[in-house]
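Enquirer: return atomic coordinates for the entry below.
(chains A and B)
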Amino acid sequence: AQSVTQLGSHVSVSEGALVLLRCNYSSSVPPYLFWYVQYPNQGLQLLLKYTSAATLVKGINGFEAEFKKSETSFHLTKPSAHMSDAAEYFCAVSEGNAGNMLTFGGGTRLMVKP
Amino acid sequence: GAGVSQSPSNKVTEKGKDVELRCDPISGHTALYWYRQSLGQGLEFLIYFQGNSAPDKSGLPSDRFSAERTGGSVSTLTIQRTQQEDSAVYLCASSLRVAAGYHEQFFGPGTRLTVL
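Expert: Purely as a prediction, here's the structure:
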């Protein structure tokens, strides 16, 4: 079975500050890991994914995440927050088996203060 | 090209009524997923279809929920005798295929269901 835990349902940063959104997972097999972003009244958009290649993954809008197997973590970072980054972020895991169904964390709402 | 579309965008219904939610996947995508996003349960998988294979219904919360996919394209999620706890955003996603490895799932905007 797989599960995802996102620490902090709400994170607030100042514009220009570092963004760090935490994600820890459990999986019985080497996982595929994802970060999705959801803007108000919109669907989910893929930010980045880890699929067993490089452990440091770069995504869209300046975000990146590092897969750390020893810590079972996949934290999302961005060096400098922008007002447009305000949204809800979801970490997800798939075991890549038949179906590739995603198991999501509870989500983290990112607020960016001017 | 066109993304995943869902209709209606909002649906308000009375407790006990049946509802149908529609999903149009990206053309050529053989895999289709339904997820539910609710305040109490977060984002959870409901059902997935792959080509002409029998769907994986392991995430459906009760037998009031069913889904079909006609012609390998459009899918309809039906909820019978709706209950207030069914209120949620229902998200549909599609991907190229399901095989070894991973193929990105593209999500639609969702249908917000409110059961009064």
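Enquirer: who is the residue nearest the centre of chain A paired with across the strands?
Expert: Centroid-nearest residue in chain A, with C-alpha atoms, centre = their mean: A:W35, separated by 3.3 Å. Beta-bridge partners recorded for A:W35 (DSSP bridges): A:L48, A:C91.
Enquirer: which pLDDT value goes with it?
Expert: pLDDT, A:W35: 96.
Enquirer: A:S70 belongs to a helix?
Expert: Yes: the assignment for A:S70 by DSSP: H, G, I helix; E, B strand; the rest coil puts it in a helix.
Enquirer: residues near it, how many?
Expert: Counted with other C-beta atoms under 10 Å in any protein chain shown, residues neighbouring A:S70 total 5. For glycine as for every other residue, the C-beta is placed from the backbone atoms N, C-alpha and C.
Enquirer: again with A:A81
Expert: Neighbour count of A:A81, defined by other C-beta under 10 Å: 22.
Enquirer: wouldn't it be in contact with A:S12 here?
Expert: No: using C-beta atoms under 8 Å, A:A81 makes no contact with A:S12, being 9.9 Å away.
Enquirer: OK, contacts around the residue nearest to the centre of chain A?
Expert: Shown in contact with A:W35 (C-beta atoms under 8 Å, 6 or more residues apart in numbering or on different chains): A:21, A:23, A:46-49, A:59, A:63, A:65, A:74, A:76, A:89-92.
Enquirer: how near is it to chain B?
Expert: 12 Å (C-beta to the nearest C-beta, to the nearest Å).
Enquirer: A:K78 pairs with what?
Expert: Assessed by DSSP bridges, A:K78 has beta-bridge partners A:V19.
Enquirer: measure the residue nearest to the centre of chain A to A:G62 for me?
Expert: Per C-beta to C-beta, to the nearest Å, A:W35 is found 13 Å from A:G62.
Enquirer: between A:A81 and A:S12, which contacts overlap?
Expert: Going by C-beta under 8 Å, 6+ apart, residues that sit against A:A81 and also against A:S12 are A:L110, A:V112.
Enquirer: and the nearest residue to B:G40 once chain neighbours are set aside, what are its phi and psi?
Expert: Distances taken as C-beta to C-beta, 6 or more residues apart in numbering or on different chains place B:E85 nearest to B:G40, at 7.7 Å, with adjacent residues excluded. Here is the backbone geometry of B:E85 (degrees, to the nearest 10): phi -70, psi -10.
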